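Participant: Just to be clear, the model below is a prediction. Sequence and coordinates:
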Amino acid sequence: MLSDAALALAIGCEIKWLYNSARRLDKPIDRSPEGAVWWRMVHHFAVGLGVPVAEAAAAADAVLVRGMQPARVRLRATKDESVSVVVDLARFHDGAAIALATAQCSAIPRPRGRPRTRPDAGHVLQFTVDEMSNVSRLRSLPPTARLDRALEAIPGAGPTAKDFVQHLGEAGVAFALIGGVAAAYHGAPWRPMSLELCVDLSSRHAATLARILNDLGALPRGAATRTGFLFDAALLRSQNLVALSVGSLEVNVFVALADVGDYQRVAAASEPAELGRLVVRILGLGALILGEMAAPPRDGSEYARRVVLLGTLKGMDFGTR
């Protein structure tokens, strides 16, 4: 069952619109992935085309519930049929799958009650001598070794994270490494579980990225997809975050970062490191801390430790070469 935050992302609406529309239709909100797809179609008709909500719901029923098979469906918009609307069902379901993957990946519900740990909560946030010694050792590695270590720590095969980054770099896609892999590059001791990138999705780069994803068989992560699913530039731009799987490798593609900005700002706040013949950009610590602070809260103590450790890294000189 999807939370309010996840539903809003999957539908592409404000949660207030969903509650108001459900009340007008006298219809309970279906929080399943299938329900989110139905509401997404209603939202497209009602908000995108200005159709009254009741008529938009009837059109969504006609297109989705009754199981229409053609790839394109034409709906009459006027009685004399001089004006009609064509629905590209295949493309709609592709966009809905991307939105659902984004919702399931990024809409983390806030825990109830007070946070268990405040950022100034004393001994929970203190680091042992062994922990800081390990961080110092990691920070003292050359940038190339730190980048290799960070990428090799990400689980996944077919391709690996390093393979995927090299595919993008060799194709000329402009991107910067962010999130957990950037933190690991800067010496954070935790293991990144996914490859996170902020990508320039201007027309040329978006088309190239879509081609690479299709060649590698990438799919929206955890969402049902139709046979023949394909990424294209417009679908990649449809969400600020596209959560996908490339083989067993989890990849999160961002258009922009909260409190940092779009790719150009992210690139300006990044530093270069060599990966073979490529030069890869990695988000700097200052911007990485801003991104962490803007992220949905994790478990209180663990989240606070991550932020404090990044701040410690930024404030100390570990003698990096």
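Facilitator: Yes, it's here.
Participant: Tally up the residues packed near L147, please.
Facilitator: L147 sits with 25 neighbouring residues when counted by other C-beta atoms under 10 Å. Just so you know, the C-beta spots here come from the backbone N, C-alpha and C atoms, and that holds for glycine as well.
Participant: So it belongs to a strand, correct?
Facilitator: No - L147 is assigned helix when assessed by DSSP: H, G, I helix; E, B strand; the rest coil, not a strand.
Participant: Now it: closest residue in space, sequence neighbours ignored.
Facilitator: A273 (4.5 Å; C-beta to C-beta, 6 or more residues apart in numbering).
Participant: got the CA coordinates for the helix or strand where that neighbour lies in PDB?
Facilitator: A273 is part of strand 270-275 when elements are defined by DSSP states H and E. The C-alpha trace of strand 270-275 is given here as PDB (Å, rounded to 0.1, in the frame of the first residue of the first chain):
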ATOM      1  CA  SER A 270      32.000  18.700  -7.700                       C
ATOM      2  CA  GLU A 271      35.700  17.600  -8.000                       C
ATOM      3  CA  PRO A 272      37.400  15.500 -10.700                       C
ATOM      4  CA  ALA A 273      39.000  12.000 -10.300                       C
ATOM      5  CA  GLU A 274      40.400   9.700 -12.900                       C
ATOM      6  CA  LEU A 275      38.800   6.400 -13.800                       C
END
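Participant: quick one on the thing from earlier: shouldn't the residue nearest to L147 be in contact with R146?
Facilitator: Yes - using C-beta atoms under 8 Å, A273 is in contact with R146, at 7.1 Å.
Participant: Contact partners for V199?
Facilitator: V173, A174, F175, H205, A206, L209, V253, F254, V255, Y263 (C-beta atoms under 8 Å, 6 or more residues apart in numbering).
Participant: of those residues, closest to L100?
Facilitator: V253 (15.5 Å; C-beta to C-beta).
Participant: Run through the helices of the stretch 1-150 of the chain in chain order.
Facilitator: Counting by DSSP state H, counting those that start in this stretch, one finds helices in the stretch 1-150 of the chain at the ranges 4-11, 15-25, 33-43, 53-60, 89-106, 129-139, 143-152.
Participant: can I get those helices in CSV with distance to G286 and mean pLDDT?
Facilitator: Output for those, formatted as CSV (distance: least, C-beta to C-beta, whole Å; pLDDT from 0 to 100):
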stretch, distance to G286, mean pLDDT
helix 4-11, 28, 93
helix 15-25, 33, 96
helix 33-43, 37, 95
helix 53-60, 46, 90
helix 89-106, 23, 91
helix 129-139, 16, 76
helix 143-152, 17, 94
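Participant: looking at the ones you listed, which is closest to D200?
Facilitator: helix 89-106 (18.7 Å).
Participant: quick check: angle from the closest one to helix 4-11?
Facilitator: Relative orientation of helix 89-106 versus helix 4-11 (axes from the mean of the first three to the mean of the last three C-alpha atoms, to 10 degrees): 150 degrees.
Participant: circling back: okay, and the common contacts of A273 and R146?
Facilitator: Y185.
Participant: before we move on, the earlier item: please convert the helices of the stretch 1-150 of the chain to JSON lines, extending it with distance to G284.
Facilitator: Formatted as JSON lines, those follow (distance: least, C-beta to C-beta, whole Å):
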{"stretch": "helix 4-11", "distance to G284": "28"}
{"stretch": "helix 15-25", "distance to G284": "34"}
{"stretch": "helix 33-43", "distance to G284": "37"}
{"stretch": "helix 53-60", "distance to G284": "46"}
{"stretch": "helix 89-106", "distance to G284": "23"}
{"stretch": "helix 129-139", "distance to G284": "14"}
{"stretch": "helix 143-152", "distance to G284": "12"}
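Participant: So for S238, which of the ones you listed sits nearest?
Facilitator: That would be helix 89-106 among those, by C-beta to C-beta, at 5.6 Å.
Participant: pretty sure F164 contacts L195?
Facilitator: Yes - with contacts counted by C-beta under 8 Å, F164 reaches L195, the gap being 6.4 Å.
Participant: Overlap in contacts, those two.
Facilitator: Joint contacts of F164 and L195 (C-beta under 8 Å, 6+ apart) are L249, V251.
Participant: Now do the strands in this structure.
Facilitator: For the chain, strands defined by DSSP state E occupy the ranges 72-76, 84-88, 175-177, 195-199, 219-220, 241-246, 249-254, 256-257, 261-262, 270-275, 278-283.
Participant: Those strands: lowest mean pLDDT?
Facilitator: The weakest mean pLDDT among the strands of the chain belongs to strand 72-76, with a mean of 69.
Participant: Just give me the neighbour total for M193.
Facilitator: 14.
Participant: Let me have the contacts of V199 in a markdown table, extended by distance to P220.
Facilitator: Output for the contacts of V199, formatted as a markdown table (distance: C-beta to C-beta, whole Å):
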| residue | distance to P220 |
| --- | --- |
| V173 | 19 |
| A174 | 23 |
| F175 | 19 |
| H205 | 20 |
| A206 | 16 |
| L209 | 15 |
| V253 | 11 |
| F254 | 15 |
| V255 | 16 |
| Y263 | 21 |
